[in-house]
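> predicted model follows, preceded by the sequence.
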Amino acid sequence: MGLALAAKRYQRLEPVDRDTASSLWSAYRESPDRTNRNALMELYLPVVRYNAQRIHLKLPESVELGDLISAGTFGLVDAIEGFDPERGIKFETYCAPRIRGAILDELRSLDWVPRLVRSRSTQVEKARRSLTAQTGVAPTDSELRQQLGVDRDEFAKIKRDSTAVGTVSLSRRFTTEESGRELGEIDVLQDTRQINPLSAISRRDLKELVTKGLSRHERMIVVLYYYEAMTMREIGRVLDLSESRVSQMHSSILLRLKAQLQHKANELAELNG
């Protein structure tokens, strides 16, 4: 969801009625009990919501706005109890940093990655963006190390700490830039543990077609090279052949396969004709 669209859901911060605020503060100074404090909290809850909304705009949608408001309420309580009207500061100005601080503290407590790791990750990313903007290409590790001004051992530690594994909620929603369609992480998650049966059958049939009519050594060369991703030298060691001989046999196999496929294509064309 875009920021402009998300902002429409949020309420604007209306000014607090000064007469009501003055009356409640007078009552709280005379009797700082829970009843008077709760009355002040109810009056200033829109301030909590406003600050929570501003922070929520920059967070994934998996983070609930209500959780931020709840955390900010504790900051409001601390602000009410520590506020001194004699200083001549508006309470809204005084409480805002307390509310934001309480919300950020709650977010940090929910983050399983240590703050040092997050800090180093941000440090490396800033250096990477700066160098990319200057040169137009992705920087090397050596360039990043020089940009950060650290030695090799320290850079290795920073790089290791900055690549912490993160977690993503499968219920998180996002909007695609191309179509504007809203999707969830679970809708686009690929399950790499499962084998596509159609791909497996096609791969098996192609293997049988390609290796049909080949000798044992020729079949081994095709399978090891194209299915096992082995080099000519490695195949030669397996078959007890020289690398040049394997390469020669591979070229011969390709020519024969090309002729066979061309012959089958002509047969299909005659049948369809």
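Alright, I've got the coordinates.
> assign a three-state SS to residue 229, would you?
Secondary structure state of residue 229, per DSSP: H, G, I helix; E, B strand; the rest coil, is coil.
> how many residues are close by it?
Look at residue 229: counted by other CB atoms under 10 Å, it has 8 neighbours. No exception for glycine: its C-beta is placed from N, CA and C like everyone else's.
> state the distance from it to residue 223.
To residue 223, residue 229 is 11 Å away according to CB to CB, to the nearest Å.
> just residue 15 next, same as before
Using CB to CB, residue 15 is found at 77 Å from residue 223.
> which residue ranges form the helices in the stretch 51-200 of the chain?
65-82, 91-110, 115-135, 141-148, 152-161, 185-188, 197-211 (DSSP state H, counting those that start in this stretch).
> just name the most buried of these.
Most buried of these by mean neighbour count (mean count of other CB atoms under 10 Å) is helix 65-82; its value is a mean of 18.
> extract the C-alpha set from that one and format it as PDB.
Extracted in PDB, the C-alpha atoms of helix 65-82 (Å, rounded to 0.1, in the frame of the first residue of the first chain):
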ATOM      1  CA  LEU A  65      -1.000   0.200  14.400                       C
ATOM      2  CA  GLY A  66      -2.900  -0.700  17.600                       C
ATOM      3  CA  ASP A  67       0.300  -2.200  19.100                       C
ATOM      4  CA  LEU A  68       2.200   1.000  18.400                       C
ATOM      5  CA  ILE A  69      -0.600   3.000  20.100                       C
ATOM      6  CA  SER A  70      -0.500   0.700  23.100                       C
ATOM      7  CA  ALA A  71       3.300   1.200  23.500                       C
ATOM      8  CA  GLY A  72       3.000   4.900  23.000                       C
ATOM      9  CA  THR A  73       0.400   5.100  25.800                       C
ATOM     10  CA  PHE A  74       3.100   4.100  28.300                       C
ATOM     11  CA  GLY A  75       5.200   7.000  27.000                       C
ATOM     12  CA  LEU A  76       2.200   9.300  27.600                       C
ATOM     13  CA  VAL A  77       1.900   8.100  31.200                       C
ATOM     14  CA  ASP A  78       5.600   8.900  31.900                       C
ATOM     15  CA  ALA A  79       5.200  12.300  30.200                       C
ATOM     16  CA  ILE A  80       2.100  13.200  32.400                       C
ATOM     17  CA  GLU A  81       3.900  12.100  35.600                       C
ATOM     18  CA  GLY A  82       7.100  14.000  34.700                       C
END
